[in-house]
Every structure is written in C-alpha cells, then in structure tokens.
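Engineer: Generate coordinates for the sequence data below:
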Amino acid sequence: EDEPDLRAYTVEALCDLGYRVLEAASGREALQIVERHPEIELLFTDVVLGNGMNGRVLADEVVRRRPELPVLFTTGYTANAIVHHGRLDPGMHLIGKPFTYAELAAKVRRMLDKD
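Structural biologist: Residues are numbered from 1 along each chain as shown. Below you'll find the model as predicted:
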C-alpha cells in the first residue's frame with residue numbers, strides 16, 4: 001500500500017491479529033523484502049501502486065520467484081487489472097477497499113489456512 005494512513009491501519013490490524021508484518025511503501029521495496037525473507041507466507045498488495053511498479057507487476061514477479069506464495073490484492077478501483085474473464089488468476093485473491101477489520105481478518109485467515 002503506497003498510501004501511508006491506510007498502510008498503517010492495515011499493518012496495525014494485522015499485527016493486532018497476531019501476524020508478523022513486513023511493510024513496504026512501493027512495489028520495488030516489497031520485492032526486496034520478499035527476496036530477503038523466505039519465511040513470508042502471504043503477499044498483500046494494492047493493485048494501484050506508484051513509483052513505476054503496480055501491484056500486478058509486483059505479484060507477477062513475486063510469483064515467478066516464489067510460485068507457492070499466495071497473493072491478496074486490494075483495490076478501491078476496478079479489479080480489471082487482475083481479473084480475466086471474470087476470474088482471478090490461481091493463487092490470487094481480492095479484498096475491496098474499504099475493508100473492515102473483520103473482513104481482513106477472515107480473508108487472511110482463510111488464505112493462510114488453505115495454503
């Protein structure tokens with residue numbers, strides 16, 4: 001998430017739920033973190049990111065390097081960047097903005113339990 005207040009809310013919510021969170025303000029920073037931390041179990045990214053790498057490009061690169069890593073996208077805009085013919089790519093999931101604490105908790109838990 002490149003918007004600081006929303007990123008802070010999301011990080012705080014996930015930490016409150018007991019997850020260890022490594023945060024990044026850009027796709028490039030996130031890619032570096034994923035490279036340095038093989039213990040990461042989930043990539044959570046906004047579809048729209050600044051600084052030259054959007055969330056879809058980030059996810060594609062992360063999945064190329066770590067195909068087992070599930071990806072959770074969030075967006076307040078159209079989901080067309082990740083949806084193809086009405087379906088998400090395998091291993092990719094979506095939570096719309098704004099999302100509630102309970103929605104985030106449920107979605108992340110389902111994804112981690114499934115994988």
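
Engineer: Would you state the helices of the chain in chain order?
Structural biologist: 4-16, 27-36, 55-65, 101-114 (DSSP state H).

Engineer: what angle sits between the longest one and helix 4-16?
Structural biologist: The one in question is helix 101-114. 60 degrees (axes from the mean of the first three to the mean of the last three CA atoms, to 10 degrees).

Engineer: what packs against helix 101-114?
Structural biologist: helix 4-16, strand 71-75, strand 92-96 (3 or more CB pairs under 8 Å, 6 or more residues apart in numbering; DSSP states H and E). (C-beta placed from N, C-alpha, C; glycine too.)

Engineer: Apart from its chain neighbours, what residue comes closest to the residue most central in space within the chain?
Structural biologist: Most central in the chain under CA atoms, centre = their mean is residue 44, positioned 1.4 Å from the mean C-alpha point. Closest residue to residue 44 apart from its sequence neighbours, by CB to CB, 6 or more residues apart in numbering: residue 72 at 4.6 Å.

Engineer: mind checking how far stretch 7-25 is from the chain centre?
Structural biologist: On the basis of CA atoms, centre = their mean, to the nearest Å, stretch 7-25 sits 11 Å off its chain's mean C-alpha point.

Engineer: Could you list the buried residues of it?
Structural biologist: 7, 9-11, 13-14, 19, 24 (16 or more other CB atoms under 10 Å).

Engineer: Out of these, which is nearest to residue 109?
Structural biologist: If you rank the buried residues of stretch 7-25 by distance to residue 109 using CB to CB, residue 19 comes first, at 9.6 Å.

Engineer: count of residues packed around residue 109?
Structural biologist: When neighbours are defined as other CB atoms under 10 Å, residue 109 has 12 of them.

Engineer: what residue ranges in the protein score low on pLDDT?
Structural biologist: 78-91, 115 (pLDDT under 70).

Engineer: rewinding a little: can I get the helices and strands packed on helix 101-114 in TSV including distance to residue 104?
Structural biologist: Compiled in TSV, the helices and strands packed on helix 101-114 are given as follows (distance: least, CB to CB, whole Å):
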stretch	distance to residue 104
helix 4-16	6
strand 71-75	9
strand 92-96	7
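
Engineer: And residue 20, how close does it get to residue 51?
Structural biologist: According to CB to CB, to the nearest Å, residue 20 stands 25 Å off from residue 51.
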